[in-house]
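Q: please work out how this folds:
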Amino acid sequence: MGLTKANKTSFKKGQIPWNKGIPNLKLKERNLKDNVAKRPEVREKMRLAKLGKPSICIGQKRPKIQGQNHPNYKGGFIDEDGYRIICMKGKRCQEHQVIWLRYNNLKEIPKGYCIHHKNGNKSDNRIENLILMKINEHSRLHSLLQFNRIGRNR
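A: Residues are numbered from 1 along each chain as shown. Model (predicted):
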């Protein structure tokens, strides 16, 4: 015998629901709160309580606390590649590049070049550990280093 739409959700004849006779407490609580808020003396107290608090009106924006001014700021974060990322004027930058550019009084890294960590430690951003290299030399260097690591392990 197939189920029809009517008896999919309804009870069988004579079946009693488990919550029969139990009042809906949440509904009663909600109604009580609504009734309390409708009383004039309560509404007046609520209005007076709101007057003393500074509130932001509709249309006004709350001032944004970002970057170093935010209480949870910890000096940037480390990305998935292991480089420390910091925010400079609202942009995310790699910290080692910013350090090298400031030390050399430049605004950007020359085209076709990149900054290399001499000791291979991406979190060691001391100026003595950073050098400017051509991208193709940098790739060659890392492929040789990786080959030497694999060769040693065999």
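Q: in the longest helix along the chain, which residues are buried?
A: As far as residue count goes, and with DSSP state H defining each element, the longest helix of the chain is helix 135-153. By neighbour count, and taking 16 or more other C-beta atoms under 10 Å as the criterion, the buried residues in helix 135-153 are H138. For glycine as for every other residue, the C-beta is placed from the backbone atoms N, C-alpha and C.
Q: report the buried residues of stretch 69-87.
A: Within stretch 69-87, the residues that count as buried by 16+ other C-beta under 10 Å are 76, 83-84, 86.
Q: closest to F147 among those?
A: The shortest distance between F147 and any of those, using C-beta to C-beta, involves Y83 and amounts to 23.2 Å.
Q: how much space separates the closest one from D124?
A: Using C-beta to C-beta, to the nearest Å, one gets 11 Å for the distance from Y83 to D124.
Q: overlap in contacts, these two.
A: Contact criterion C-beta atoms under 8 Å, 6 or more residues apart in numbering; no residue bridges Y83 and D124 by contacting each.
Q: what bits of this protein have low per-residue confidence?
A: The chain contains residues with pLDDT under 70 at 1-9, 19, 22-38, 49-62, 67, 150-154.
Q: can you give me the strands for it?
A: Along the chain, counting by DSSP state E, strands occupy 77-78, 84-88, 91-94, 113-117, 130-134.
Q: can you list contacts of the fourth one?
A: Counting contacts by C-beta under 8 Å, 6+ apart, the residues outside strand 113-117 that touch it are 96-97, 100, 109, 124-125, 129-135, 138, 141.
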